[in-house]
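A.B. asks: Fold the following for me, if possible:
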Amino acid sequence: MNDGTVTLPWLVFRQDDNGNRYRVGRYATRAEAQKIADTLDGRGHQQLYWVEKLGPNGAGAAG
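C.D. replies: Numbering: from 1, shown residues only. As a prediction, this is how the structure comes out:
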């Protein structure tokens, strides 16, 4: 059933030098999310980027 909503189950997270974690964005596919994470990671900063899928409770493992 299509109720007009868009599902964006793939999340990109960032962890900074101090261990703080932030959600960068939500994406429709893992490939799209991974491309964003790889692009951000390739900028040479010291942050860590990774991809997670939303769980059944509506949150990624980090959030």
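
A.B. asks: And the residue nearest the centre of the chain, how far from residue 37?
C.D. replies: Closest to where the C-alpha atoms of the chain average out (C-alpha atoms, centre = their mean) is residue 12, at 1.3 Å. Distance of residue 12 to residue 37, computed by C-beta to C-beta, to the nearest Å: 5 Å. (Glycine included, C-beta is placed from N, CA and C.)

A.B. asks: Pull up the overlap in contacts between the two.
C.D. replies: Overlap of the contact sets of residue 12 and residue 37 (by C-beta atoms under 8 Å, 6 or more residues apart in numbering) consists of 24, 49-51.

A.B. asks: how about the helices in the chain?
C.D. replies: 30-41 (DSSP state H).

A.B. asks: For residue 45, give me the pLDDT.
C.D. replies: With respect to pLDDT, residue 45 scores 71.

A.B. asks: Distance check, it against residue 8.
C.D. replies: 25 Å.

A.B. asks: what's the answer for residue 57, then?
C.D. replies: Residue 57 sits 16 Å away from residue 8, going by C-beta to C-beta.

A.B. asks: Over to residue 33?
C.D. replies: Applying C-beta to C-beta, the value for residue 33 to residue 8 is 9 Å.

A.B. asks: Pick out whichever of the two has more residues nearby.
C.D. replies: Between residue 33 and residue 8, counting by other C-beta atoms under 10 Å, residue 33 is the more crowded of the two (25 against 14).

A.B. asks: so what's that one up against?
C.D. replies: Residue 33 makes contacts with 10-12, 25, 27, 51, as judged by C-beta under 8 Å, 6+ apart.

A.B. asks: OK, contacts around the nearest residue to residue 54 once chain neighbours are set aside?
C.D. replies: Spatially, and ignoring its direct neighbours in sequence, residue 54 is nearest to residue 9 (4.5 Å; C-beta to C-beta, 6 or more residues apart in numbering). Residues in contact with residue 9 (C-beta under 8 Å, 6+ apart) are 26, 28, 53-54.
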